[in-house]
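Student: this one's structure only:
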């Protein structure tokens, strides 16, 4: 059977196939078949099997509007039964260029002829209702939801990349709902809540309504339903919008908008990327004929990650807890912070319940999407001391989100506190740029069988954010186990990297002390009249020569220096540092056995206030006062630290935290926390390969 080359079928109109979509339709000889077709979808009809007995040729007649294009193709050959005759498989492809204005107004008639080419042996008719439907998002990140963008179903990193972005709606705009995040309910909590969501639009054109047996459905895959919420805005009363799709319902039938019409949706993220959720959410629009999908359109959102800010970022607010033992410290800190031009917020004992370790409870960060205000987000640690209620009661609010990760089976250990979580300034390593820096955490050595490690749920959460790739350091050698006990970052304006890393250095401390002894200052006292313990009459006073003569202390610090040097090499390798980027801060440690430790391992604590554990407010540094040997009216340790930091344009102020923090195992940084300005760099512009 052959097709007529001269048929009355118009060749006018586009023959573009939308995303390569082809739909197979079966028609029957002598019958009229009606179908709904989405424009730019090519219809495939196998006509070989339709031919009546004796038919030798066929032809097609299109409608008079002239926008139906048909092509014929012999795609393959097949044999039937035991016949040795090979019959051609003839397929007709139909493409319609424009939408219908009435149902069934696009028609193609198939005619089957005898060998003479004029005698009609049979015919079939296809009547089509052609519609245009498109689910659209802001795929090019310009703040406009374009119609049917070629990039709406994919993601590409980089300044020339594409892909829609979704904000985790983790703040609270709900009135009269304390401790309640917008992600905790399935409704829109006012216009501010709506601003945190991304637009999605269903656009349609064609007849005013779909024929009977056809419907539209919006759905997400089961594995992502708990991570996204979709609201329908069009046709819904304000204040009555609830999740059309969300954790409790992953599919919903929606109304066909009609001719040249739109339905507006708002989409919210419900969770940051994590171990089992890479942050990609696909939302599907399906056209159903009865219970079978016949067409599908898909958009993709990338959930915005949680991002940390380093010491080098501009401070905004400093937080400190006020308790009965640190009133003088808080008074001096207030003078320091406000003198530097920043705001200090004091958390009273009513809320902190005697917990002074503000740094350990929370980590300030942020998340953002294009063309919307940045949302600050606090990460709450699982330690849950006296400050347990502070993040939800005082941090959560409009444009201030909240996120936490807890283990259902494990209790938090000291390494789960956020003095053990830092982030570097932007770095370049072996030609690879990290414009948002790299997160840093402390753990046991990989080879250790009994060491402490940060909880897996936190570790995996941090890894999953991807835009600040994680670096693991060795901190389990410390009693408290936090990386802020041996390292910090300070600004270095005008330098090629813009920052320096300060590392605790027992060797430097001994060099200073040995130099003093050689200059005749061996009898100068250190830590004069400072108590060994709180409320103790025993003091820690010791001379330079006496300290140098303590063999165990020197042995302890040889070990501690080796631990720090191990981390020094990791930092060089992972942050692209050179020796000139590192400043050694004189610091001694002592090793003791924790009697509560099952394996009785020796752990280190600072022998005197740990100067590396400082608060950095741009060029202003609040440094623990070490109470070292005083020569010519000045502490030798302070003089050294000032001499290496102030040439960088920094201003050092030393704080007495001996009783208020040091004797409790922490310092100035441990007792404060700082909310900082987010990066100017946009995370979606990262040249990242996943």
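Tutor: Here it is on my side, so go on. From a predicted model like this one, the values you see are computed outputs, not experimental measurements.

Student: residues contacting the nearest residue to residue 482 once chain neighbours are set aside?
Tutor: Closest residue to residue 482 apart from its sequence neighbours, by Cβ to Cβ, 6 or more residues apart in numbering: residue 419 at 3.7 Å. No exception for glycine: its C-beta is placed from N, CA and C like everyone else's. Counting by Cβ atoms under 8 Å, 6 or more residues apart in numbering, residue 419 touches 357, 359, 360, 480, 482, 483, 484, 485, 666, 669, 670.

Student: so residue 419 versus residue 71, what's the distance?
Tutor: Look at residue 419 and residue 71: by Cβ to Cβ, to the nearest Å, they are 70 Å apart.

Student: residues of the longest strand anywhere in the chain that come out buried?
Tutor: Ranked by residue count and defined by DSSP state E, the top strand of the chain is strand 120-136. Applying a neighbour-count criterion of 16 or more other Cβ atoms under 10 Å, one finds 121-136 buried in strand 120-136.

Student: which residues touch the longest helix seen in the chain?
Tutor: The helix spanning the most residues in the chain, taking DSSP state H as the definition, is helix 551-575. Contacting residues not belonging to helix 551-575 are listed as 424, 427, 429, 438, 471-474, 477, 483, 486-487, 501, 503-507, 509-510, 547-548, 577-578, 582, 588-591, 604, 607 [Cβ under 8 Å, 6+ apart].

Student: tell me which of these fall in helices.
Tutor: Among the contacts of helix 551-575, the members found in helices (DSSP H) are 506, 507, 509, 510, 547, 548.

Student: and these, which two are furthest apart?
Tutor: 507 and 547 (14.8 Å; Cβ to Cβ).

Student: which residue is the nearest non-sequential neighbour of the residue nearest in space to the middle of the chain?
Tutor: Central residue check for the chain by Cα atoms, centre = their mean: the C-alpha nearest the mean position is that of residue 305, 1.3 Å away. Of all residues beyond its chain neighbours, the one nearest residue 305 is residue 465 (4.0 Å), with distances taken as Cβ to Cβ, 6+ apart.

Student: what's the burial count for that neighbour?
Tutor: Counted with other Cβ atoms under 10 Å, the neighbours of residue 465 add up to 23.

Student: same check on the one 4 residues further on?
Tutor: The criterion is other Cβ under 10 Å. On that basis, residue 469 has 17 neighbouring residues.

Student: returning to that earlier point: the longest strand of the chain - contacts with which helices or strands?
Tutor: In this structure, strand 120-136 packs against strand 32-38, strand 42-46, strand 86-96, strand 106-113, strand 198-205, strand 280-289, strand 292-303, with contacts taken as 3 or more Cβ pairs under 8 Å, 6 or more residues apart in numbering; DSSP states H and E.

Student: want to throw these into TSV with mean neighbour count?
Tutor: As requested, the helices and strands packed on strand 120-136 are arranged in TSV below (neighbours: other Cβ atoms under 10 Å):
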stretch	mean neighbour count
strand 32-38	19
strand 42-46	18
strand 86-96	18
strand 106-113	21
strand 198-205	21
strand 280-289	19
strand 292-303	19
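
Student: redo those strands as TSV? Include distance to residue 211 and mean pLDDT.
Tutor: What follows is the helices and strands packed on strand 120-136, written out as TSV (distance: least, Cβ to Cβ, whole Å; pLDDT from 0 to 100):
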stretch	distance to residue 211	mean pLDDT
strand 32-38	6	96
strand 42-46	16	92
strand 86-96	16	81
strand 106-113	13	92
strand 198-205	14	98
strand 280-289	9	98
strand 292-303	12	97
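
Student: tabulate those strands (TSV), appending distance to residue 384.
Tutor: Below are those laid out as TSV (distance: least, Cβ to Cβ, whole Å):
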stretch	distance to residue 384
strand 32-38	54
strand 42-46	60
strand 86-96	63
strand 106-113	65
strand 198-205	33
strand 280-289	31
strand 292-303	26
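
Student: and residue 325, which of those strands is closest to it?
Tutor: strand 292-303 (43.0 Å).

Student: who does whichever helix or strand comes after that closest one pair with, and is each partner parallel or antiparallel?
Tutor: Counting by DSSP states H and E, the next helix or strand C-terminal to strand 292-303 is strand 307-308. As defined by DSSP bridges, the strand partners of strand 307-308 come to strand 362-367 (antiparallel).

Student: for the strand it pairs with, give the mean pLDDT please.
Tutor: Averaged over strand 362-367, pLDDT sits at 98.

Student: now that strand against strand 292-303, angle please.
Tutor: Here the directions of strand 362-367 and strand 292-303 differ by 120 degrees (axes from the mean of the first three to the mean of the last three Cα atoms, to 10 degrees).

Student: got the buried residues for strand 362-367?
Tutor: Neighbour-count burial for strand 362-367 [16+ other Cβ under 10 Å]: 362, 363, 364, 365, 366, 367.

Student: I'd guessed the fourth one sits against residue 308; true?
Tutor: When you say that, I think you mean residue 365. Yes: contact criterion Cβ atoms under 8 Å: residue 365 and residue 308 qualify, at 4.8 Å.

Student: which parts of this structure are helices?
Tutor: Using DSSP H, helices in the chain cover 191-195, 327-339, 349-352, 358-361, 390, 456-465, 506-518, 544-548, 551-575, 636-645.
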